[in-house]
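> have a look; sequence and predicted model below, questions after that.
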Amino acid sequence: AQSVSQHNHHVILSEAASLELGCNYSYGGTVNLFWYVQYPGQHLQLLLKYFSGDPLVKGIKGFEAEFIKSKFSFNLRKPSVQWSDTAEYFCAVNNYGQNFVFGPGTRLSVLP
Amino acid sequence: DGGITQSPKYLFRKEGQNVTLSCEQNLNHDAMYWYRQDPGQGLRLIYYSQIVNDFQKGDIAEGYSVSREKKESFPLTVTSAQKNPTAFYLCASSRSETGSSSPLHFGNGTRLTVT
């Protein structure tokens, strides 16, 4: 069965620091990859997705992610975080005929 | 605005009682899903439905039941058989079938506490 791992449970950064959140998945075939964000008290929102083409995808709010097929990875990055980026971030994967599988989430705390 | 509405936001029940969580969407999406979110475990799929009057079990369906009588509605019943029902429940929908690149759209969730 497909599984998704996220490297960090809780990340604490100061404003303006760079961010990279790791995500690895187990399935070796064609996959669709997603990053969702859950701000405090809000619903999960799509940050970005990859399904084909350029492996570097750009999302909302200055986030980007790079799909590296050989490493089964889809890491999320942002050059300079803001206090408003404090949230929980979930990586998710699906492939043909299968439902979404979510990682356990990474909580990001940005200190002002 | 289109979206997914879950109600209520908070729900308290006594052990041994069944409880039904509401999920309504006006996005005209065919597929709807129920997830359970527990700290440190991400989202786990309970049930999903790709079309009216049809639904399938997800990874943790035991102790839950659903119905899909209308395209817009996908209520979840947490039965007394669910051994650990206290959790945050999320409803989602998507435009098309499993495995497509269509993203999930989520509701705001219902936090259920059973004592």
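Happy to help now that I have it. Residues are numbered from 1 along each chain as shown, chains lettered A, B, ... in the order given.
> tell me which residue is most central in chain B.
By Cα atoms, centre = their mean, the mean C-alpha position of chain B lies nearest to residue B:34, the distance being 2.6 Å.
> which residues touch that residue?
B:23, B:45-48, B:58, B:64, B:66, B:74, B:76, B:89-92 (Cβ atoms under 8 Å, 6 or more residues apart in numbering or on different chains). In short, each C-beta sits where N, CA and C put it, glycine included.
> quick one: list the elements packing against the helix or strand of chain A with the lowest mean pLDDT.
In chain A, the helix or strand scored least confidently by mean pLDDT, DSSP states H and E is strand A:101-102, which has a mean of 92. For strand A:101-102, the elements it packs on are strand A:87-94, strand B:42-51, judged by 3 or more Cβ pairs under 8 Å, 6 or more residues apart in numbering or on different chains; DSSP states H and E.
> out of these, which is the most enclosed?
Sort these by mean neighbour count, taking mean count of other Cβ atoms under 10 Å in any protein chain shown, and strand A:87-94 sits at the top with a mean of 24.
> and the contacts of that strand?
Strand A:87-94 is contacted from outside by A:2, A:4, A:6, A:21, A:23, A:25, A:27, A:31-40, A:44, A:47, A:74, A:76, A:100-103, A:105-108, B:42-43, B:98-100, B:104, using Cβ under 8 Å, 6+ apart.
> now the end-to-end length of stretch B:34-50.
Using Cα to Cα, to the nearest Å, the span of stretch B:34-50 from its first residue to its last is 12 Å.
> what of stretch B:105-115?
As for stretch B:105-115, its first-to-last residue distance stands at 30 Å under the measure Cα to Cα.
> give me the mean pLDDT for that stretch.
What stretch B:105-115 shows for mean pLDDT is 94.
> give the buried residues for that stretch.
Residues of stretch B:105-115 classed as buried under the neighbour-count rule (16 or more other Cβ atoms under 10 Å in any protein chain shown) are B:105, B:106, B:107, B:108, B:109, B:110, B:112, B:114.
> give the contact list for the residue nearest to the fifth one when sequence neighbours are not counted.
Taking Cβ to Cβ, 6 or more residues apart in numbering or on different chains, and ignoring the residues beside it in sequence, residue B:109 has residue B:90 as its nearest neighbour in space, at 4.9 Å. With contacts taken as Cβ under 8 Å, 6+ apart, residue B:90 has the following neighbours: A:43, A:44, B:6, B:34, B:35, B:36, B:37, B:43, B:106, B:107, B:109.
> the third one: what secondary structure?
To tie it back to what came earlier, the one meant is residue B:6. strand (DSSP: H, G, I helix; E, B strand; the rest coil).
> and the gap between it and residue B:21?
In this view, residue B:6 and residue B:21 are 7 Å apart by Cβ to Cβ, to the nearest Å.
> flag every residue of chain A that's near chain B.
A:4, A:9, A:32, A:34, A:36, A:42-46, A:49, A:51-52, A:90, A:92, A:94-100, A:102-105 (Cβ under 8 Å from any Cβ of the partner chain).
> quick one: residue A:95 from residue A:44, how far?
The span separating residue A:95 from residue A:44 equals 20 Å under the rule Cβ to Cβ.
> and residue B:17, by the same measure?
If you go by Cβ to Cβ, the gap between residue B:17 and residue A:44 works out to 28 Å.
> please say which of those two ends up with more neighbours.
The residue with more neighbours, out of residue B:17 and residue A:44 and counting by other Cβ atoms under 10 Å in any protein chain shown, is residue A:44; that gives 27 against 11.
> isn't that one right next to residue A:100, touching?
No - with contact taken as Cβ atoms under 8 Å, residue A:44 and residue A:100 are classed as non-touching, separated by 11.1 Å.
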